[in-house]
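In: Here is my input; please provide its structure:
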Amino acid sequence: MEKRKLAIVLVSGILAAALGILTAASYIHYENSIPIVEVVTPEANLDGATYADYTEMMLPAECAEYGGIYVVKERKGLFSDELYLETPANFRINREEGGYIYIPLGILYPDDRVVLAANRPVSAGDVIKLAQEE
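Out: Numbering: from 1, shown residues only. Take a look at the predicted model:
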């Protein structure tokens, strides 16, 4: 009977150690699979307007490189808050000129964080990390 108890304790210890190692490996893989993005904030287009009555926001044209623009949002995750990407509703570009794209006010706001570049392709709904938070 003592040998049986010893065998059960030994097998339990081995399984617990294996589970710990696999959990750590899974966490490392997950952290390395999250895209890292650089962001910019939109600027008001003040050509022919004052700060009080501008109607467009300007972004570098590189922001539309991924087939649209993605705004960084925050939500409650399973274990902590997480950052994710969202495409603005009714997104449209009014014009592109001089390396900038112009987007109507109301689609983007001055405090939005828009993806400028990413270390891998991204899409709406992706969980991300900000480059400066590394």
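In: low-confidence ranges in the chain?
Out: Along the chain, segments meeting pLDDT under 70 span 48-53, 66-67, 133-134.
In: Which residue ranges of it form strands?
Out: Shown for the chain, the strands assigned by DSSP state E span residues 36-40, 43-44, 56-60, 71-76, 81-86, 95-97, 100-104, 114-118, 127-130.
In: Can you list the strands that the second one pairs with?
Out: Under the criterion DSSP bridges, strand 43-44 sits next to strand 56-60 (antiparallel) in its sheet.
In: Mind putting the strands of the chain into a markdown table with mean neighbour count?
Out: To be clear about C-beta, it is placed using only N, CA and C from the backbone, and glycine gets the same treatment. Shown next, in a markdown table, are the strands of the chain (neighbours: other Cβ atoms under 10 Å):
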| stretch | mean neighbour count |
| --- | --- |
| strand 36-40 | 18 |
| strand 43-44 | 14 |
| strand 56-60 | 20 |
| strand 71-76 | 13 |
| strand 81-86 | 16 |
| strand 95-97 | 10 |
| strand 100-104 | 19 |
| strand 114-118 | 20 |
| strand 127-130 | 16 |
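In: Pipe those strands into TSV and attach distance to Tyr27 per row.
Out: Compiled in TSV, the strands of the chain are given as follows (distance: least, Cβ to Cβ, whole Å):
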stretch	distance to Tyr27
strand 36-40	17
strand 43-44	38
strand 56-60	35
strand 71-76	19
strand 81-86	14
strand 95-97	42
strand 100-104	38
strand 114-118	22
strand 127-130	14
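In: Of the ones you listed, which is nearest His29?
Out: Judged by Cβ to Cβ, the one of the strands of the chain that comes nearest to His29 is strand 127-130, at 13.8 Å.
In: Please name every helix or strand in contact with the closest one.
Out: If you count contacts as 3 or more Cβ pairs under 8 Å, 6 or more residues apart in numbering; DSSP states H and E, strand 127-130 packs onto strand 36-40, strand 81-86.
In: so who does Leu116 touch?
Out: Applying Cβ atoms under 8 Å, 6 or more residues apart in numbering to Leu116 gives the contacts Val37, Glu38, Val39, Val40, Pro60, Glu62, Cys63.
In: Nothing else from me, thank you.
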